[in-house]
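# Fold the stuff below for me.
(2 chains)
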Number of protein chains: 2
Amino acid sequence: MKSFDPATLHIKDLHALLLGSIGPRPIALASTISKNGEHNLSPFSFFNVFSANPPLLIFSPARRGTDNTTKHTYENIKEVPEVVINIVNYDITYQMVLSSANYPKGVSEIEKAGFTALDSDLIKPKRIAESPVQFECKVNQVIELSDGPASGNLIMAEVIKIHVNEEYLDTNNKIDQKKIDLVGRMGGNTYVRAHGANLFEITRPNDANLGVDSLSEDIRLSKILTGNDLARLANAEAYPDETDVNEYKLIELSSIFIEHENDANLLEISLHKKAKSLIEDGNIEDAWKSLLAFNN
Amino acid sequence: MKSFDPATLHIKDLHALLLGSIGPRPIALASTISKNGEHNLSPFSFFNVFSANPPLLIFSPARRGTDNTTKHTYENIKEVPEVVINIVNYDITYQMVLSSANYPKGVSEIEKAGFTALDSDLIKPKRIAESPVQFECKVNQVIELSDGPASGNLIMAEVIKIHVNEEYLDTNNKIDQKKIDLVGRMGGNTYVRAHGANLFEITRPNDANLGVDSLSEDIRLSKILTGNDLARLANAEAYPDETDVNEYKLIELSSIFIEHENDANLLEISLHKKAKSLIEDGNIEDAWKSLLAFNN
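I've put the predicted structure just below:
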């Protein structure tokens, strides 16, 4: 491990380490309005949901690291404490990035980026028609963390209306994670598209799971099984019973036992490999049988 | 669009809408300690970085929506205001999920999930050796948003030491986004792995870009070009000059012009398709030449 002390790191390097390791970050495409009625649109990845009750989103239009100036989004919210947070999916990613250019105050990024403005129901800032989900928010509080360069300004935004493109809603009014195609921000200029084979499901763990600490040493210290594999095994609530292990050994594992009948070491490796492949298929029950068959 | 009023939605449905649309969310695997020295480890995706100066991370161990109880992580931080935020990559994802089981207070999730505990340099909670980046933090403030179920508790954690597994550092001490293999949380039980072909790069936009609003109508209203395509075209600072367009037309586009010499409509569609394919290859200059050739 290499260790860094934030107090002695250059802010630019500290910034890069934080952004390179805390990700993927959701993107808020924030629409605001000045007291003179000038619209602004800008994306922020210092953003997330933090509570459902009250429904609170926080994002941070930080002070610029280069010249310590503040952003139009921050200035507008200090004048008119309202914001539409538009969600970004792949279809509008390049438009979102274009809206982040430093245009002079008063230029509408909504037009420059080729978006369509929609009136909000309850607040003055516009919604972005092309965005799959739009949150109308009132700003309860702004917390300025310091007045130095790269300092965050926390915008505490309470959701007062939600608009969802029905294309992405399933029959239970849930948002279809395979369809919405969300995009996250990472370090440097890297983005990630959340779709296709990179999506995967893990159900909540069993509260009465075995725990990795209870696994026998030959399994815990396996040269074949990874930490992820052990965790999936340890999520079981009980071991398969001996009769089932023996039956599986006779029917499914007989060729492995015959092949390695004179070499316990190779037999164990072979059974661990079989178990690993079953784990990857989500078949934890049979993976356990393969591992327990060794000493049965 | 379908619209929802948070005030009349069931909290469970509101929670699902927020989590299904705000993503991918980075994951904080938070290590804390009680005043009696009991260790706790638990993952939270209401988490992000919000400032580099001071280096501030926020996460929210919210009150449970089911029975309004608080989590051990929150209770520990109220007793000992320190936390190690361990970053989660694919290699430790199943271990991270296992640590989220509801174990009785005092049970160490570090051991149950099969992690290795490391002493921190400056605080009492342990680091997780298997995590690629570990942030030692002191907690400056805890903001309780309300005392109702599913209410957030904002943990304002200032980074005082950073440990990075050197495997993921490039020669400039930046974290290699292709290597670290971060995992984000999405709606329901869905996670996303940020690696491989789902990663893409977009450089900062030109501040003096053309803007989508300045594009001619035949391009802006193209049936072939999407919003993303228009944004990439509009990010140019200037159009290619006429001589270059004519040369490109004679050399690269001659077969298209010959094929459709009697049908301006098909010619335009064909040139837009050519432009779209060039945009996807990142060749914006030639995409512009293909589009401008139509009226040249």
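
# Any regions of the stretch 51-200 of chain A where pLDDT drops low?
Applying pLDDT under 70 to the stretch 51-200 of chain A picks out no residues at all.

# For chain B, tell me whether stretch A:280-296 is touching it.
No - Stretch A:280-296 lies out of reach of chain B by C-beta under 8 Å from any C-beta of the partner chain, never closer than 10.8 Å. No exception for glycine: its C-beta is placed from N, CA and C like everyone else's.

# Not counting sequence-adjacent ones, nearest residue to A:Gly114?
With sequence-adjacent residues excluded and distances taken as C-beta to C-beta, 6 or more residues apart in numbering or on different chains, A:Gly114 is closest to B:Val212, at 2.8 Å.

# how much space between the one you found and A:Glu109?
According to C-beta to C-beta, to the nearest Å, B:Val212 and A:Glu109 sit 10 Å apart.

# residues shared between the contacts of these two?
A:Leu98 (C-beta atoms under 8 Å, 6 or more residues apart in numbering or on different chains).

# Contacts only, for the residue nearest to A:Thr190 when sequence neighbours are not counted.
Excluding the flanking residues, the one nearest A:Thr190 by C-beta to C-beta, 6+ apart is B:Gln177, at 4.4 Å. Counting by C-beta under 8 Å, 6+ apart, B:Gln177 touches A:20, A:23, A:186-188, A:190, B:194, B:199.

# Compare those residues and tell me which is most surrounded.
Using other C-beta atoms under 10 Å in any protein chain shown as the neighbour criterion, A:Gly23 leads these with 30 neighbours.

# Could I get the contacting residues of that residue?
Counting by C-beta under 8 Å, 6+ apart, A:Gly23 touches A:184-187, A:192, B:26, B:177, B:182, B:184, B:194.

# before we move on, which element is A:Phe135 in?
Element membership for A:Phe135, per DSSP states H and E: strand A:133-144.

# Packing partners of that strand?
If you count contacts as 3 or more C-beta pairs under 8 Å, 6 or more residues apart in numbering or on different chains; DSSP states H and E, strand A:133-144 packs onto strand A:55-59, helix A:72-79, strand A:82-87, strand A:127-128, strand A:153-164.

# Could you save those as CSV and add columns showing distance to chain B and mean neighbour count?
Listed next are the helices and strands packed on strand A:133-144 as CSV, based on distance: least, C-beta to the nearest C-beta, whole Å; neighbours: other C-beta atoms under 10 Å in any protein chain shown:
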stretch, distance to chain B, mean neighbour count
strand A:55-59, 5, 25
helix A:72-79, 13, 20
strand A:82-87, 5, 26
strand A:127-128, 9, 24
strand A:153-164, 4, 22
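
# In a markdown table: these, plus distance to B:Ala236.
What follows is those, written out as a markdown table (distance: least, C-beta to C-beta, whole Å):
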| stretch | distance to B:Ala236 |
| --- | --- |
| strand A:55-59 | 30 |
| helix A:72-79 | 24 |
| strand A:82-87 | 25 |
| strand A:127-128 | 23 |
| strand A:153-164 | 32 |
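
# and A:Lys105, which of the ones you listed is closest to it?
helix A:72-79 (5.7 Å; C-beta to C-beta).

# Could I get the full set of strands for the stretch 1-150 of chain A?
Using DSSP state E, counting those that start in this stretch, the strands found in the stretch 1-150 of chain A span residues A:2-4, A:28-33, A:39-44, A:47-52, A:55-59, A:82-87, A:117-118, A:127-128, A:133-144.

# Who does the longest one pair with, and is each partner parallel or antiparallel?
Think strand A:133-144. With DSSP bridges as the test, strand A:133-144 is paired with strand A:82-87 (antiparallel), strand A:153-164 (antiparallel).

# do you know which of the ones you listed lies nearest B:Asn246?
Nearest of the strands paired with strand A:133-144 to B:Asn246, taken as C-beta to C-beta: strand A:82-87 at 41.2 Å.

# Tell me what angle the closest one forms with strand A:39-44.
Here the directions of strand A:82-87 and strand A:39-44 differ by 50 degrees (axes from the mean of the first three to the mean of the last three C-alpha atoms, to 10 degrees).

# which residues are contacting strand A:82-87?
By C-beta under 8 Å, 6+ apart, strand A:82-87 touches A:26-33, A:47, A:57, A:59, A:73, A:77, A:120, A:123-128, A:131-139, A:155, A:157, A:182, B:21-22.

# Just the buried residues out of those, in PyMOL syntax.
Those of the contacts of strand A:82-87 that count as buried under 16 or more other C-beta atoms under 10 Å in any protein chain shown are selected in PyMOL with:
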select buried, (chain A and resi 26+27+28+29+30+31+32+33+47+57+59+73+77+120+123+125+126+127+128+131+132+133+134+135+136+137+139+155+157+182) or (chain B and resi 21+22)
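
# start to end distance for stretch A:123-133?
16 Å (C-alpha to C-alpha, to the nearest Å).

# so how far is that stretch off the chain centroid?
23 Å (C-alpha atoms, centre = their mean, to the nearest Å).

# what does it rub up against?
By C-beta under 8 Å, 6+ apart, the residues outside stretch A:123-133 that reach it are A:29, A:31-33, A:39, A:41, A:80, A:82-84, A:86-89, A:91-92, A:95, A:110, A:115-120, A:134, A:136-138, A:160, A:162-165, A:167-168, A:175, A:180, B:17, B:21, B:227.

# got it, and stretch A:249-264?
By C-beta under 8 Å, 6+ apart, the surrounding residues in contact with stretch A:249-264 are A:266-267, A:270-271, A:274, A:286, A:289-290, A:293, A:296.

# change it to 7 Å
A:266-267, A:270-271, A:274, A:290, A:293, A:296 (C-beta atoms under 7 Å, 6 or more residues apart in numbering or on different chains).

# So which bits of that stretch are buried?
Buried, per 16+ other C-beta under 10 Å, within stretch A:249-264: A:249, A:253, A:256, A:260.

# swap in stretch A:104-116?
By 16+ other C-beta under 10 Å, the buried positions in stretch A:104-116 come out as A:107-115.

# Equivalent analysis for stretch A:40-51, please.
A:40-51.

# how about A:Glu144, what does it touch?
A:Glu144 neighbours (C-beta under 7 Å, 6+ apart): A:Asn153.

# rerun that using 10 Å as the cut-off
Contacts for A:Glu144 (C-beta atoms under 10 Å, 6 or more residues apart in numbering or on different chains) come out as A:63, A:70, A:74, A:78, A:151-154, B:51.

# ok, so of those residues, who is nearest B:Asp13?
Among these, A:Leu154 lies closest to B:Asp13 (C-beta to C-beta), at 26.9 Å.

# How about the closest one, nearest residue that isn't a chain neighbour?
That would be A:Ile143: by C-beta to C-beta, 6+ apart, it lies 4.1 Å from A:Leu154.

# How about residues contacting stretch A:6-17?
Residues contacting stretch A:6-17 (C-beta under 10 Å, 6+ apart): A:4-5, A:18, A:62, A:65-66, A:148-151, A:187-188, B:49, B:51-55, B:133, B:135-136, B:158-162, B:164, B:169, B:172-175.

# how near is the spatially closest residue to A:Thr73 that is not a sequence neighbour to B:Ala287?
Distances taken as C-beta to C-beta, 6+ apart place A:Pro61 nearest to A:Thr73, at 4.3 Å, with adjacent residues excluded. From A:Pro61 across to B:Ala287, the span is 33 Å (C-beta to C-beta).

# from the buried residues of stretch A:104-116, which single one is nearest chain B?
A:Gly114 (2.8 Å; C-beta to the nearest C-beta).

# my read is A:Leu271 is in a strand, agree?
No - counting by DSSP: H, G, I helix; E, B strand; the rest coil, A:Leu271 is not found in a strand; it is helix.
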